[in-house]
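J.: Test case, fold it:
(2 chains)
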Protein chains: 2
Amino acid sequence: MLSYPTPFTPPTTEDDRLSWLRLIRSRRVGAVTFWRLIGEYGSAQAALHALPEIAKAAGVQGYEPCPEPVILKEYKAGAAAGARLLCRHEPAYPTALAELADAPPVLWCIGDPGLLSRPMVALVGARNASSLGQRMARKLAEGLGAAGVTVVSGLARGVDTAAHAAALTTGTIAVMAGGVDVTYPTENAPLAREIGEKGLRLSEQPIGLEPQARHFPLRNRIISGLARAVVVVEAAARSGSLITARLALDQGRDVFAVPGHPFDGRAAGCNMLIRDGATLVRGVEDVLAALAPVTAAAPERSERTAPDPDPQRTWRDMATLHSQILDRLGPSPMAEDQLIRDLALPSATVAPELLALELEGRIQRQPGGLLSRLD
Amino acid sequence: MLSYPTPFTPPTTEDDRLSWLRLIRSRRVGAVTFWRLIGEYGSAQAALHALPEIAKAAGVQGYEPCPEPVILKEYKAGAAAGARLLCRHEPAYPTALAELADAPPVLWCIGDPGLLSRPMVALVGARNASSLGQRMARKLAEGLGAAGVTVVSGLARGVDTAAHAAALTTGTIAVMAGGVDVTYPTENAPLAREIGEKGLRLSEQPIGLEPQARHFPLRNRIISGLARAVVVVEAAARSGSLITARLALDQGRDVFAVPGHPFDGRAAGCNMLIRDGATLVRGVEDVLAALAPVTAAAPERSERTAPDPDPQRTWRDMATLHSQILDRLGPSPMAEDQLIRDLALPSATVAPELLALELEGRIQRQPGGLLSRLD
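T.: Numbering: from 1, shown residues only, chains lettered A, B, ... in the order given. Now for the predicted structure:
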């Protein structure tokens, strides 16, 4: 068994920060892998050094970490865009997000990072929201803002736009799917600029990255990861907001949903969430009531550190487990319970790896606790 | 301690039936008292004999049971109206209703009592229901009927009317607040007649009784008592349907509610119920899913008998307990928990008496488990 030299401290030097950025930008290194590597090798630099060897052992030939010049370029581009790099465990990095197993190692931020230290609630919902849905988003955002809560959303059309706009003066955070400097959709460029000035925009992705489909679920985990609670304002049956809601549940966040009449298709997703245990929201009071123990307590940051990863499990073990999982899964869905029993491993060991594979787009979760393989 | 000669069998002779009717029609004898008396004295006749003495001991002077001629008149009026008297524990008397501590000793029925042996679901809701609400009531009633479920409701305007009308051909039961032959509201006379022909109308009240406000909550306990589940289709914040829903919960019935957008005031009651734990209904499938274990099993009657009442508690004990409860309560609300602690009695002993006092209109339940005295 290895013992680690006090892992999970923020980078202390500029070189260290560059190594973090380089490690997370390296091919096949996602957030979960990043933290395993840091845990195992003690520093980003040591992990970068070990990566080609590890890849070789896992059967990947000619693996190279992200080249240094790419990182230097991103670093300069960030500065040019007026963005600040925030590393996990630095004081401004939000505690709730830092506690996730797949916490983003780095976040590019434009705006006021002070908003990250206030209680946060995410408002999400349909891009093609009804006027009723947008009115509800505005009302909730105003009410949350008035109560000193930062409103987090994704800068999408519809509910997101209504929520950000209503919370501009009280405090709002837009989590971007692409680079922190890349506005999507482009029609929201003026709102994005205003949020950068009065609120905060952030992203874990490289500066300048145009968002692609696979970036949205990753972005959604940050929205729910920042927030104490996620409120789904209006959502159809199979919509992205439901993915955010499920991520939020997996992260131990409170999930709220605004109901609608069953004859209104735009309420189907919310009604389903409520049926499955989300708290029904009639107005902002219902959300604030659930937050009361938090907002009443001092909202300042606690100096908690993330739980240590299981020290017996190395990156190589993890690669083996990933193969075992993928071997057992096919395109027809299989129950997660059954899979875990077949693997004969504790659920706590398997669950983060399933999430990792899911975020990597290799497996897909389906209703009823079913999993299937995508690739 | 007394031992009872096999109580809780149905009346065996016509005289016995008349005694039951006479006992329940006697002043200050409600359903709960009726069963206590039968339990204590072994038969309705013996209880009628003992009543003046018991009343005297409780400080009521000159008490007389209901005069025999009044009963004979009701009996004849029932026959003339084509109604049949159904006594608890007779084979046609529905099992679920018979199991209530305050089961109606007698029910006057017009129509097909066979409907009482099928699974039953109650549909209740606003009298001033929106067209959306009425459409939903119709859809649910049709779906339940198609699945072989009897639809129970209260023949009121709005949701009740829509539900009965949609289930006329498949089976519907109207529980009347006044006499089984008295249609309220009068505009529903044609529907009431049709239900008497194709479905079933029933009431525990005397033939010919015009319903008064206090009869409606009593009627509502029969609606929910008959049903395996109560579905609230549309209900404002402080409405009678919510009382039915609460009675249903007290009776261990499943409570369902159809959500609506929070900006629609007519959804406030349903949304509140869902928030407080009722199951959200999107369509009839949600109701049928919850009933599945029942409808899948053979729906025939089981020959269960009601649980014996606590044999150590006599009618006199109960009168004493009622006084103790009323002494402790005032117009300002008091927590039920606190009251039960103060009485130093098991909750199972106090709860049915609170319900009895509530149904008698002497105490009132308020949100948050609070009780206050009315008289």
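
J.: Around chain B, which positions in the stretch 1-150 of chain A sit nearby?
T.: By CB under 8 Å from any CB of the partner chain, the residues of the stretch 1-150 of chain A that approach chain B are A:Leu132, A:Arg135, A:Met136. C-beta coordinates here come from the backbone N, C-alpha and C atoms, glycine included.

J.: and the second one, what element?
T.: A:Arg135 is located in helix A:131-146, with elements delineated by DSSP states H and E.

J.: how far away is A:Leu355 from chain B?
T.: For A:Leu355, the distance to chain B equals 28 Å [CB to the nearest CB, to the nearest Å].

J.: What mean pLDDT does the helix or strand harbouring that residue get?
T.: If you go by DSSP H and E, A:Leu355 is part of helix A:347-359. Averaged over helix A:347-359, pLDDT sits at 74.

J.: same for the helix or strand following it, what does it pack against?
T.: Per DSSP H and E, helix A:347-359 leads on to strand A:363-366 as the next helix or strand towards the C-terminus. For strand A:363-366, the packing partners by 3 or more CB pairs under 8 Å, 6 or more residues apart in numbering or on different chains; DSSP states H and E come out as helix A:347-359, strand A:370-373.

J.: what comes up buried for strand A:363-366?
T.: A:Ile363, A:Arg365 (16 or more other CB atoms under 10 Å in any protein chain shown).

J.: In its sheet, which strands sit next to it, and in what direction?
T.: strand A:370-373 (antiparallel) (DSSP bridges).

J.: Name the residues that touch the strand it pairs with?
T.: A:326, A:329-336, A:339, A:354, A:362-366 (CB atoms under 8 Å, 6 or more residues apart in numbering or on different chains).

J.: Go through those and single out the one with the most neighbours.
T.: A:Ile363 (23 neighbours; other CB atoms under 10 Å in any protein chain shown).

J.: Any idea what it is bridged to?
T.: A:Arg373.

J.: Looks like it contacts A:Glu353 (just checking).
T.: No - contact criterion CB atoms under 8 Å: A:Ile363 and A:Glu353 do not qualify, at 9.8 Å.

J.: Tell me which residues of the helix holding A:Leu355 come out buried.
T.: A:Thr349, A:Val350, A:Pro352, A:Glu353, A:Leu354, A:Leu355, A:Ala356, A:Leu357, A:Glu358, A:Leu359.

J.: residues contacting the fourth one?
T.: Meaning A:Glu353. A:Val32, A:Met318, A:Leu321, A:His322, A:Ile325.

J.: Widest-spaced pair of those?
T.: A:Val32 and A:Ile325 (13.3 Å; CB to CB).

J.: circling back: tell me the one among the contacts of strand A:370-373 nearest to B:Leu100.
T.: A:Ala335 (40.4 Å).

J.: Skipping adjacent residues, who's closest to the residue in the stretch 151-300 of chain A that chain B sits nearest to in space?
T.: Using CB to the nearest CB, the closest approach of the stretch 151-300 of chain A to chain B is made by A:Pro259 at 3.5 Å. Spatial nearest neighbour of A:Pro259, chain neighbours left out: B:Pro259 (3.5 Å); criterion: CB to CB, 6 or more residues apart in numbering or on different chains.

J.: Distance check, that neighbour against B:Leu132.
T.: Applying CB to CB, to the nearest Å, the value for B:Pro259 to B:Leu132 is 12 Å.

J.: More neighbours: which of these two?
T.: When B:Pro259 and B:Leu132 are compared for neighbours, B:Pro259 comes out ahead with 29 against 19, by other CB under 10 Å.

J.: Residue of the stretch 101-250 of chain A closest to chain B, please.
T.: Closest point on the stretch 101-250 of chain A to chain B, by CB to the nearest CB, is A:Leu132, at 5.9 Å.

J.: Who are the contact partners of that residue?
T.: A:Glu234, A:Gly260, B:His261, B:Phe263.

J.: what residues are up against A:Arg221?
T.: Neighbours of A:Arg221 in contact, by CB under 8 Å, 6+ apart: A:Leu100, A:Asp102, A:Leu247, A:Gln251, A:Leu359.

J.: Could you do A:Leu37 as well?
T.: A:Leu37 touches A:Leu23, A:Val29, A:Ala44, A:Ala47, A:Ala50, A:Leu51, A:Trp315, counting by CB under 8 Å, 6+ apart.

J.: Would you mind measuring from A:Gly171 to A:Val159?
T.: For A:Gly171, the distance to A:Val159 (CB to CB) stands at 18 Å.

J.: Noted, bye for now.
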